[in-house]
Each structure stands twice: as structure tokens, then as C-alpha cells.
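**Student:** here's my sequence, what's the structure:
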Amino acid sequence: MLSGEEHRVNRFSKWIAVGVGAIALGVLAISVACGTTSSSSTTTEMRVVPLSPDSPALDLLIDNKVVFGGLAYGVPTAFSSVTAINHDLKLNQTNNSQNLIDHPMETFATGTSYTYLVIGFAGAGVQIARMIDDHTLATAGNFKLRVVNGSPNSGSVDVYIVTPGTDFVTANPPIKPTLSLASDSISAYQMMASGGYDIYVTPGGDQSCLLQTPTTCLINLDGRNGTTVPSFQAGQNRTLIMLNQVGALGSYTTLPMLADLN
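**Tutor:** Below is the predicted model:
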């Protein structure tokens with residue numbers, strides 16, 4: 001599962017903290033003033049991305065106040081301003097006071113941006129992964145991209161981030177994946193030259209879909225079937241999240257690219 005800074009378990013589910021990254025969409029002006037330590041008014045920000053495909057609506061509470069209510073699968077929240085102290089965080093089903101997750105001493109550092117992912121299947125106990133978002137610029141002419149495999153049962157996948165029109169059939173040696181990700185896992189940021197890229201997600205270790213014409217992989221972001229070729233400008237940080245198959249005939253999809261910086 002996801003690696004990271006903290007890994008705490010209660011009788012219902014797990015709380016996991018991971019990674020370094022960056023997200024800055026609009027900030028929802030909900031300042032949580034209560035806390036368990038200092039009374040400092042210095043703030044930070046957090047948001048939530050629900051990725052549990054079979055979960056009912058969820059509420060995330062900070063110091064027993066619902067800050068993110070009615071969380072629905074695949075719908076990221078706006079950012080909420082949070083006082084940079086320790087807080088009590090709980091995750092409940094909407095309109096249900098039973099805590100699925102209860103973490104009484106979650107630390108928020110001044111000037112740090114956090115993204116919380118609700119992952120896993122509800123039947124097995126959802127988990128929460130905390131990502132620390134990267135607000136630093138890439139070097140001149142480059143951008144940063146982080147990828148999340150938000151599927152709890154995809155197994156290992158390979159992610160190819162390549163220039164448009166890349167020929168996998170004749171490439172010698174074969175083109176290696178840019179990233180490999182287990183289910184419910186998060187990559188580090190990749191720094192790459194600005195420009196347009198085709199992005200493919202394949203089963204781990206299996207390039208067969210890339211050798212077909214047309215290419216038909218788990219995910220094809222290459223301008224076909226209503227997709228556009230992702231384009232990245234210098235100085236941008238972005239996060240791409242792969243969603244789970246939903247339904248017997250469902251396909252893997254992605255959330256729109258999340259703007260982390262610029």
C-alpha cells in the first residue's frame with residue numbers, strides 16, 4: 001500500500017501519510033480555529049479527493065466540525081484554510097456519528113498544502129492517505145507531474161509519458177515506463193521538459209496494448225476518443241489521478257489534471 005510519514009490503524013480503518021507534492025486550486029475560506037496545541041492564527045490549507053468507488057457519501061470533520069461534507073466518489077473538494085496546529089480529524093459516513101477514522105493529533109505545518117485521498121473499498125475499511133503538496137518551481141523550461149493510481153484493485157500499472165506519435169512498435173530498445181504504481185499508490189513528482197505528451201497506462205509489465213493499432217490500454221490520453229493530448233507549460237506542477245473501473249463494463253478513467261502550481 002501507500003508509503004509515507006505515518007501509518008496508524010484503528011479498529012475500523014487506516015490512516016496513512018505520504019509524499020511530497022503541490023496543489024493549489026481555489027481556497028475555500030473555512031478557517032478551523034480550534035486545535036489541540038498553540039493558539040497561533042497562522043494557517044495552512046487542505047482538501048480531500050474521494051477515491052473509494054463503493055463508499056457512501058462521507059464527511060470529514062476537523063475538531064468535531066464537518067468541514068468537508070457529502071464527499072462523493074471522484075469529486076475533489078476545494079481547499080479549506082486550516083490553522084497550523086494539531087487537529088482532531090474524523091471521517092464518518094454522512095449523517096452518521098460513527099467514526100470510520102479518528103485521528104486526534106493530526107499535525108498541520110505553517111504554509112504547507114495538504115491533499116487527503118480517501119482510498120480502498122468501503123467493505124474492507126476505507127483508508128486515508130495524506131500527500132504533502134509541492135509548491136516549488138521546476139527548473140527553467142520544465143514542469144512537474146505526479147501520478148496517483150486511485151484504483152484499489154487494478155494491481156500494478158505502468159505509466160508511459162511520451163512525446164506525441166511515439167512509435168512503440170519499432171523502438172529499439174523497447175521504451176521503458178516512466179512510472180510503475182501499485183493499487184492505491186502515489187508517485188513522486190517527475191520533472192520533465194515543458195510541452196505536449198501522450199500518456200498511457202498499461203497493466204504492469206505488459207506492453208502488448210502499446211504494440212496494437214490503434215493503441216488500446218487501460219488509459220489512453222493521446223487525442224483519441226474525446227481525449228486531448230495533455231500539454232504542460234514551464235513552471236506548472238500537476239497531479240493526474242487514475243480512477244477505478246465502475247460497473248461490470250466500466251473502464252478506467254482519470255480526473256481532469258489537478259493544477260498544483262501555476
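
**Student:** need the pLDDT of Ala22.
**Tutor:** Among the per-residue scores, Ala22 shows a pLDDT of 33.

**Student:** and if you look at Leu137?
**Tutor:** 95.

**Student:** contact partners for it?
**Tutor:** Gly235, Leu261 (C-beta atoms under 8 Å, 6 or more residues apart in numbering). The way it works is simple: take the backbone N, C-alpha and C, and place the C-beta from them, glycine included.

**Student:** which parts of stretch 252-262 are buried?
**Tutor:** Residues Tyr252, Thr254, Leu255, Met257, Leu258, Asp260, Leu261 are the ones in stretch 252-262 that count as buried (16 or more other C-beta atoms under 10 Å).

**Student:** using CSV, lay out these together with pLDDT.
**Tutor:** Formatted as CSV, these follow (pLDDT from 0 to 100):
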residue, pLDDT
Tyr252, 93
Thr254, 95
Leu255, 95
Met257, 91
Leu258, 89
Asp260, 87
Leu261, 87
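
**Student:** of those, closest to Ser113?
**Tutor:** Asp260 (8.2 Å; C-beta to C-beta).

**Student:** quick one: buried residues of stretch 144-158?
**Tutor:** Lys144, Leu145, Arg146, Val147, Val148, Asn149, Gly150, Ser151, Pro152, Ser154, Val157, Asp158.

**Student:** so what's the second one bridging to?
**Tutor:** In this structure, Leu145 has the following beta-bridge partners (DSSP bridges): Gln190, Arg238.

**Student:** and Asp222, how far is that from Tyr197?
**Tutor:** Noted for Asp222: a distance of 9 Å to Tyr197, by C-beta to C-beta, to the nearest Å.

**Student:** same thing with Leu181?
**Tutor:** Leu181 is 17 Å from Tyr197, by C-beta to C-beta.

**Student:** quick one on the thing from earlier: identify the contacts common to Asp222 and Tyr197.
**Tutor:** Pro164, Val229.

**Student:** burial count for Thr228?
**Tutor:** 10 (other C-beta atoms under 10 Å).

**Student:** list the contacts for it?
**Tutor:** Leu221.

**Student:** return the subset of the buried residues of stretch 252-262 lying in strands.
**Tutor:** Among these, the ones falling in strands (DSSP state E) are Thr254, Leu258, Asp260, Leu261.

**Student:** closest to Asn64 out of the buried residues of stretch 252-262?
**Tutor:** Once C-beta to C-beta is applied, the member of those that ends up nearest Asn64 is Leu258, at 28.8 Å.
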